[in-house]
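A.B. asks: After the sequence you'll find the predicted model.
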Amino acid sequence: QVQLVESGGGLVQAGGSLRLSCTASGNIDNTNPMGWYRQAPGKQRDMVATVTSTGNTNYADNVKGRFTISRDNAKNTVYLQMNSLKPEDTAVYYCNYRYTFRFRDYNYWGQGTQVTVSS
């Protein structure tokens, strides 16, 4: 089993910054990718950013240039630095850990942390 604990959400004005952290524990393999997803009320959960064990990153188009994902494998922690926040970034942000076994993906999720951006 894998446990993911997020922190760092909160209320911020438009144009402000927040940094999310997610620490993984349990049966962790640092060769697996981690990432951040978000879900706004009434909408589906969407990928925000992912990072591989070697530091390769992928971002949703609407956060490119504003958000930066990074990870510290020694601490089993992934971060999301969010700058120039917009009201449309308001959502619950979820940390994700994924591994593949026999060609099937298995996902673990954190409990979510609320990010609210006021205009």
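C.D. replies: Everything's here; your move.

A.B. asks: Mind pulling up the pLDDT for the residue located most distally from the centre of the chain?
C.D. replies: Distance from the C-alpha centroid of the chain peaks at Arg102, with 25.3 Å (C-alpha atoms, centre = their mean). Arg102 carries a pLDDT value of 94.

A.B. asks: mean confidence for stretch 6-17?
C.D. replies: Mean pLDDT, stretch 6-17: 97.

A.B. asks: contacting residues around that stretch?
C.D. replies: Identification of contacts with stretch 6-17 by C-beta atoms under 8 Å, 6 or more residues apart in numbering yields 18-22, 81-87, 93-95, 110-119. Quick note: C-beta positions are derived from backbone N, CA and C, even for glycine.

A.B. asks: List only those of those residues flagged as buried.
C.D. replies: 18, 20-22, 82, 85, 93-95, 110, 112-113, 115, 117 (16 or more other C-beta atoms under 10 Å).

A.B. asks: for the protein, which residue is closest to the average position?
C.D. replies: Trp36 (1.9 Å).

A.B. asks: and whichever strand or helix holds that one, how far from the chain's centre?
C.D. replies: Trp36 belongs to strand 34-39 when assigned by DSSP states H and E. When distances are taken as C-alpha atoms, centre = their mean, to the nearest Å, strand 34-39 is centred 4 Å away from the chain's centroid.

A.B. asks: Since that was my last question, I'll sign off now.
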